[in-house]
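**Student:** following is a predicted model, sequence given first.
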Amino acid sequence: MSSTPLIETINVNLWSKCNLRCAYCYGDFPERPRQASREEWLAILEAVAPYTRRITFCGGEPTLNPHVGELLDKVQSLGLQTSIITNGAKLTERLVEKLDLVGMTLDATDEPTLRALGRSTPTWPDYYAGLRRCVAMIHRVGRPILKLNTVVSRLNLHVDLVAALRELEPSKWKPLQFTVVVGENEHRAEALSITRAEFDAFVARHREQLPASIWVAPEEDDTVRSTYVMVDPSGRLFSTATGGKLFSAPILDVGLERAFAQVGGYDRERFVARGGHVDVVQRRRLSVLPGGAASPE
Ligand code: SF4
């Protein structure tokens with residue numbers, strides 16, 4: 001294992017398709033990579049397990065992968081923490097019971113803004129009502145830590161999420177500055193981009209009104225770009241550190257270490273600075289989150 005540092009979280013894009021069309025999305029994979037099979041994912045999880053503490057399933061929409069439950073079982077059997085980033089499309093209580101962390105997206109609460117963002121669509125209206133149902137289910141199950149992400153762009157810079165965050169009670173709120181990824185969303189850059197000062201003001205306006213039980217963990221553009229270790233739907237590592245996507249050879253062909261070197265690793269200093277190294281699952285057991293905030297448990 002030698003030169004590769006512990007990677008606290010490996011983000012696995014389990015499924016390239018999604019039922020939503022978010023304006024800012026950079027998980028659409030216009031390259032249309034081949035979809036790894038169930039057997040390949042099982043082998044990939046075994047190959048990366050020695051290097052990490054947690055597997056985060058994302059996409060596209062990971063709950064659309066028909067094998068997601070079995071793959072979560074596999075992650076658990078490897079002794080790793082389980083995590084998912086989902087829009088809730090097919091999130092069930094059975095899946096929630098297998099998870100240590102669930103990340104969902106709260107970009108706005110009003111329907112016009114959600115529609116403009118592509119979060120509510122004619123075929124799946126009222127995203128916010130669905131989010132509230134999912135969050136209630138997560139709290140009812142009680143096992144996973146709830147994280148809410150907000151992608152802050154020109155389309156929702158005006159919103160006030162304080163009341164919603166107080167009601168939904170995430171352990172962690174992660175506002176992310178809209179990020180341009182070449183080949184994914186650069187055609188929307190002008191309409192969506194905001195400045196660092198605008199992003200900081202959005203975060204500060206919320207932070208001062210939120211209870212200490214919510215860990216606020218903002219990520220500006222550069223951090224979003226360079227601090228994630230990601231596996232594409234075909235089983236290759238990829239990085240967006242240079243603006244577009246850089247892909248490795250398939251992990252099953254070259255192993256994680258060589259794949260990691262092929263995409264230039266990741267910016268661990270920045271990763272640590274954003275608190276990515278903090279084991280929130282372990283911290284919750286100790287009832288303390290970064291910043292000294294008591295956890296909800
Ligand atoms: S829910 Fe996620 S993957 Fe789906 S379109 Fe929106 S940002 Fe992209």
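**Tutor:** Thanks, I have it. What you see is a predicted model; the values in this text were computed from it and never measured.
**Student:** could you pull up the residues touching Ala47?
**Tutor:** Counting by CB atoms under 8 Å, 6 or more residues apart in numbering, Ala47 touches Ile251, Leu252, Gly255, Leu256. Yep, even glycine has a C-beta here, placed from its N, CA and C like the rest.
**Student:** er, Trp124 actually
**Tutor:** Contacts of Trp124 by CB under 8 Å, 6+ apart are Asn19, Leu20, Ala89, Gly130.
**Student:** what residues does this structure put near the ligand?
**Tutor:** Residues of the chain lying close to the ligand by CB under 6 Å from any ligand atom are Cys18, Leu20, Arg21, Cys22, Cys25, Gly27, Gly59, Gly60, Glu61, Asn87.
**Student:** show residues contacting the helix or strand where Val12 lies.
**Tutor:** Element membership for Val12 (DSSP states H and E) is strand 7-15. Contact with strand 7-15 is made by 27, 29, 35, 41, 44-45, 48, 51-62, 64-65, 68, 71, 83, 85, 228-233, 266, 271, 276-277, 279, as judged by CB under 8 Å, 6+ apart.
**Student:** what's the PyMOL line that selects buried ones from those residues?
**Tutor:** In PyMOL syntax, the buried subset of the contacts of strand 7-15 is picked out as below (16 or more other CB atoms under 10 Å):
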select buried, resi 27+29+35+41+44+45+48+51+52+53+54+55+56+57+58+59+60+61+62+64+65+68+71+83+85+228+229+230+231+232+233+266+271+276
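**Student:** reformat the contacts of Ala47 as a markdown table; add secondary structure and distance to Thr240.
**Tutor:** Below are the contacts of Ala47 laid out as a markdown table (DSSP: H, G, I helix; E, B strand; the rest coil; distance: CB to CB, whole Å):
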| residue | secondary structure | distance to Thr240 |
| --- | --- | --- |
| Ile251 | helix | 18 |
| Leu252 | helix | 22 |
| Gly255 | helix | 22 |
| Leu256 | helix | 18 |
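**Student:** tell me which of these is nearest to the ligand?
**Tutor:** Distances from the ligand to the contacts of Ala47, taken as CB to the nearest ligand atom, are shortest for Ile251 (21.5 Å).
**Student:** how far away is Glu169 from the ligand?
**Tutor:** 22 Å (CB to the nearest ligand atom, to the nearest Å).
**Student:** now do the contacts for the spatially closest residue to Lys74 that is not a sequence neighbour.
**Tutor:** Residue nearest to Lys74 in three dimensions, not counting chain neighbours: Leu45, with 5.3 Å by CB to CB, 6 or more residues apart in numbering. Taking CB under 8 Å, 6+ apart, we find Leu45 in contact with Val12, Ile55, Leu71, Lys74, Val75, Leu78.
**Student:** now, which of the contacts of strand 7-15 lie within helices?
**Tutor:** Among the contacts of strand 7-15, the members falling in helices (DSSP state H) are Trp41, Ile44, Leu45, Val48, Val68, Leu71, Phe271.
**Student:** could you dump those into JSON lines with distance to Ser120 and pLDDT added?
**Tutor:** Output for the ones in helices among the contacts of strand 7-15, formatted as JSON lines (distance: CB to CB, whole Å; pLDDT from 0 to 100):
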{"residue": "Trp41", "distance to Ser120": "31", "pLDDT": "98"}
{"residue": "Ile44", "distance to Ser120": "34", "pLDDT": "98"}
{"residue": "Leu45", "distance to Ser120": "33", "pLDDT": "98"}
{"residue": "Val48", "distance to Ser120": "35", "pLDDT": "95"}
{"residue": "Val68", "distance to Ser120": "24", "pLDDT": "98"}
{"residue": "Leu71", "distance to Ser120": "29", "pLDDT": "98"}
{"residue": "Phe271", "distance to Ser120": "33", "pLDDT": "72"}
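**Student:** for this structure, which helix or strand comes out least confident on mean pLDDT?
**Tutor:** helix 280-285 (a mean of 66; mean pLDDT, DSSP states H and E).
**Student:** thinking again about what came up before, between the contacts of Leu45, which is nearest Ala241?
**Tutor:** Val12 (18.5 Å; CB to CB).
**Student:** residue contacts, the most centrally placed residue in the chain?
**Tutor:** Taking CA atoms, centre = their mean, the centroid of the chain lies closest to Ile85, which sits 4.6 Å from it. By CB under 8 Å, 6+ apart, the contact set of Ile85 is Asn11, Thr56, Phe57, Cys58, Gly59, Pro62, Gly103, Met104, Asn149.
**Student:** all set, thanks.
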